[in-house]
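*Asks:* make a model of this:
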Amino acid sequence: MKFDRRQLLQALGLAAFTSQLPKIAQANSFSQPILKPSSLKVGDTIGLVNPASFITSEDVEEVKQTLKNLGLNYKLGTHILDRYGYLAGRDIDRAADINTMFADSSVKAILTLRGGWGCNRILPLINYQLIRKNPKIIIGYSDITSLLLAIYALSGIVTFHGPVATSTWNQFTIDYVQRILFNREAVTMQNSAFIDEKITSLPLRVETITPGKARGKLVGGNLSVLSAMVGSAYLPNWQNTILFIEEIGEEVYRVDRMLTQLKIAGILDRISGFIFGQCTRCNPEQPEKSLTLIQVLQDHIQPLKIPAWYGAAIGHIPNKFTLPIGIEVEIDANNGTIKMLESATETT
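*Replies:* Residues are numbered from 1 along each chain as shown. The predicted structure follows:
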């Protein structure tokens, strides 16, 4: 028996949604009230999904211990240990795990297992209407950027740029997770020294690009993932937003190329503030023939005449902020602070 694509989508409850995608994308989440997910509490069940690159069973065992230490229970996505080349299974299966977790009333939040590559491939298979009806915390970073931005843009719910399940869950990182996701605090984020038994991290140095303060909705993520989404229906309205970005393993000229793409796409001209977190392992192979990263940032950002700085605790580093996408913040580029002007979650 033949089973065509429309029949398959109907079986997954996605056919009606995909037929409406262009209309939803044009409407944009900003024509609807932004919804905040419920806060977490000890004893809640977390849904584990793996929408990008594959992991091992050993990784999952470590994640279980991390959640236990936080006082949380877990539910495993059906396909988290699948493998399809470098991906964590087939696109339709990775998307199905996400849709299932949002539909499951016993699951209070969704934690992605790792980044890598693959989330852009499943964006057309996500049921954004279902998510709108069942708002929950979803958190991750790196390749998870595309999921966070698409869900924010098309479902109109606050999402969270923070640790994936396989990140380093040290006290710095846990502190922001607990204060923002559990305690509903409107925190002020600022780089600080942190020392534990395994990691010594000196304060990350803030370099002001353009001084001043600005307010706007906080939106952003990994630069290469974001630039790969330009021109799609899965990005939000950038007007008066505070854009934050981070990167890993890209030479300076590539960062220049991606920022240029954001510029000529009109994104940089709409934002009211800019934060570059960490560019981990982004040193040029031939420094004598390269611009510095700061020179590139000055070239692109200073002409915008908006508050901007480099060096926030955002990115592929052990000590991470938890950044609520879609929440109103005030930034101070002189001191390198991000002040939440409202809580990011609702009471349970």
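
*Asks:* flag the shaky bits of the stretch 51-200 of the chain, pLDDT-wise.
*Replies:* Per-residue confidence for the stretch 51-200 of the chain (pLDDT under 70) gives these ranges: 193-200.

*Asks:* mind checking the end-to-end distance for stretch 228-246?
*Replies:* Taking C-alpha to C-alpha, to the nearest Å, the first and last residues of stretch 228-246 lie 14 Å apart.

*Asks:* just the buried residues of it, please?
*Replies:* Neighbour-count burial for stretch 228-246 flags 228-229, 233-236, 238, 241-246 (criterion: 16 or more other C-beta atoms under 10 Å). For every residue, glycine as well, the C-beta is placed using N, CA and C.

*Asks:* what two of those are the furthest from one another?
*Replies:* Greatest spatial distance among the buried residues of stretch 228-246 (C-beta to C-beta): 233 and 246, at 23.9 Å.

*Asks:* ok so, going back, let me know the closest of the buried residues of stretch 228-246 to residue 79.
*Replies:* Distances from residue 79 to the buried residues of stretch 228-246, taken by C-beta to C-beta, are shortest for residue 234, at 21.8 Å.

*Asks:* got phi/psi on the closest residue in space to the closest one that isn't next to it in sequence?
*Replies:* Nearest non-adjacent residue to residue 234, counting by C-beta to C-beta, 6 or more residues apart in numbering: residue 150, 3.9 Å away. When read as degrees, to the nearest 10, the backbone of residue 150 gives phi -70, psi -40.

*Asks:* wait, isn't residue 150 in contact with residue 123?
*Replies:* Yes: the criterion here is C-beta atoms under 8 Å, and residue 150 meets it with residue 123 at 5.1 Å.

*Asks:* quick one, which of those two is more surrounded?
*Replies:* residue 150 (26 against 22; other C-beta atoms under 10 Å).

*Asks:* contacting residues around the more buried one?
*Replies:* Each residue near residue 150 by C-beta atoms under 8 Å, 6 or more residues apart in numbering is listed here: 123, 126, 128, 229, 234, 235.

*Asks:* could you redo the last one with a cut-off of 10 Å?
*Replies:* With contact set as C-beta atoms under 10 Å, 6 or more residues apart in numbering, residue 150 has these partners: 25, 119-120, 122-124, 126, 128, 131, 159, 229, 232-236.

*Asks:* look up how far residue 273 lies from residue 343.
*Replies:* Between residue 343 and residue 273 the computed distance is 20 Å (C-beta to C-beta, to the nearest Å).

*Asks:* do residue 233 as well
*Replies:* Applying C-beta to C-beta to residue 233 and residue 273 gives a distance of 25 Å.

*Asks:* please apply the same query to residue 329.
*Replies:* Counting by C-beta to C-beta, the gap between residue 329 and residue 273 amounts to 9 Å.

*Asks:* shared neighbours of these two, anything?
*Replies:* Joint contacts of residue 329 and residue 273 (C-beta under 10 Å, 6+ apart) are 214, 215, 216, 218, 241, 242, 244, 338.

*Asks:* surely the fifth one meets residue 218?
*Replies:* What it means is residue 241. Yes: at 7.3 Å, residue 241 and residue 218 qualify as touching, with contact defined as C-beta atoms under 10 Å.

*Asks:* list the residues that contact both of the two?
*Replies:* 273, 325, 326, 329.

*Asks:* now, among the buried residues of stretch 228-246, which is nearest to residue 106?
*Replies:* Once C-beta to C-beta is applied, the member of the buried residues of stretch 228-246 that ends up nearest residue 106 is residue 234, at 28.3 Å.

*Asks:* any chance of the shared contacts of residue 329 and residue 273 in a markdown table, with secondary structure, distance to residue 166 and pLDDT too?
*Replies:* Shown next, in a markdown table, are the shared contacts of residue 329 and residue 273 (DSSP: H, G, I helix; E, B strand; the rest coil; distance: C-beta to C-beta, whole Å; pLDDT from 0 to 100):
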| residue | secondary structure | distance to residue 166 | pLDDT |
| --- | --- | --- | --- |
| 214 | strand | 34 | 98 |
| 215 | strand | 34 | 98 |
| 216 | strand | 31 | 98 |
| 218 | strand | 24 | 98 |
| 241 | strand | 29 | 98 |
| 242 | strand | 28 | 98 |
| 244 | strand | 22 | 98 |
| 338 | strand | 25 | 98 |
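
*Asks:* tell me the one of these nearest residue 103?
*Replies:* For the shared contacts of residue 329 and residue 273, the nearest to residue 103 is residue 218 (27.6 Å; C-beta to C-beta).

*Asks:* how many neighbours does that closest one have?
*Replies:* Residue 218 is flanked by 25 other residues according to other C-beta under 10 Å.

*Asks:* can you pull out the strands in the stretch 51-200 of the chain?
*Replies:* Using DSSP state E, counting those that start in this stretch, the strands found in the stretch 51-200 of the chain span residues 73-76, 109-112, 137-140, 159-161, 188-190, 194-195, 200-201.

*Asks:* what's the most buried one of the ones you listed?
*Replies:* Burial of the strands of the stretch 51-200 of the chain is given as mean neighbour count (mean count of other C-beta atoms under 10 Å); strand 159-161 ranks first at a mean of 29.
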